[in-house]
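**Student:** please find the sequence and the predicted model below.
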Amino acid sequence: MRTTLCICICCLLFGCKEEVKDIVRYDWIPLEVTATAYNSTPAQTSYEHPKITAWGDSITPGVKWIAVSRDLLRKGLRHNTMVKIDTFKGIYLVKDKMNKRWTNRIDIYMDEDVKKAREWGRRKVQIKYAVKRDTAKNLAKE
């Protein structure tokens, strides 16, 4: 029993150590943006491929993904960037790009629940996005 307990504790300690290392590798850059919501329906995405993002990722229900306006790409919110949104739990990934007409905006993927997306509407939110530590210094210079 003690041996099993020791093994479990060691696994937890070493597992957490790796997670802490990952978090330390990033700077979290704060940014206020306008947030809207979208669904994987042909009317909101593409009639030909409603479940394929602009970068070619296949959308599946339940994923925490966002689309970003193209001006945010230059700020470091590139494909697969981790993003924290102040009104939601967890980490979202940048997986889609919005139409060129939008600026300083994110679009939060809400599966196929059109009602939920409409209820969300349009809001100002605070996000934090992850940039590898050495990259954050370079972005600040731009």
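**Tutor:** Now that the structure is in, tell me what you want to look at. What you see is a predicted model, and the numbers here were worked out from it, not measured in a lab.

**Student:** quick one: mean pLDDT for the helix or strand hosting residue 95?
**Tutor:** Residue 95 belongs to strand 92-97 when assigned by DSSP states H and E. Model confidence over strand 92-97 averages 92 on the pLDDT scale.

**Student:** same question for stretch 134-142.
**Tutor:** Averaged across stretch 134-142, the pLDDT comes to 58.

**Student:** one more: stretch 78-86?
**Tutor:** 96.

**Student:** so which bits of that stretch are buried?
**Tutor:** By neighbour count on 16 or more other CB atoms under 10 Å, the buried set for stretch 78-86 is 79, 81-85. (C-beta placed from N, C-alpha, C; glycine too.)

**Student:** of the residues you listed, closest to residue 95?
**Tutor:** Ranked by distance to residue 95 (CB to CB), the buried residues of stretch 78-86 are led by residue 79 at 7.1 Å.

**Student:** assign a three-state SS to that closest one, would you?
**Tutor:** Recorded secondary structure, residue 79: coil (DSSP: H, G, I helix; E, B strand; the rest coil).

**Student:** hang on, it packs against residue 68?
**Tutor:** No. Using CB atoms under 8 Å, residue 79 is not in contact with residue 68, being 9.5 Å away.

**Student:** spit out the residues that contact those two alike.
**Tutor:** Shared contacts of residue 79 and residue 68, defined by CB atoms under 8 Å, 6 or more residues apart in numbering, are found at residue 94.

**Student:** endpoints of stretch 101-118, how far apart?
**Tutor:** By CA to CA, to the nearest Å, the extent of stretch 101-118 from end to end equals 20 Å.

**Student:** now do the contacts for the closest residue to residue 91 other than its chain neighbours.
**Tutor:** Sequence neighbours aside, residue 82 is the residue nearest to residue 91 in space, at 4.9 Å (criterion: CB to CB, 6 or more residues apart in numbering). Contacts were defined as CB under 8 Å, 6+ apart; by that measure residue 82 touches 26, 91-93, 129-130.
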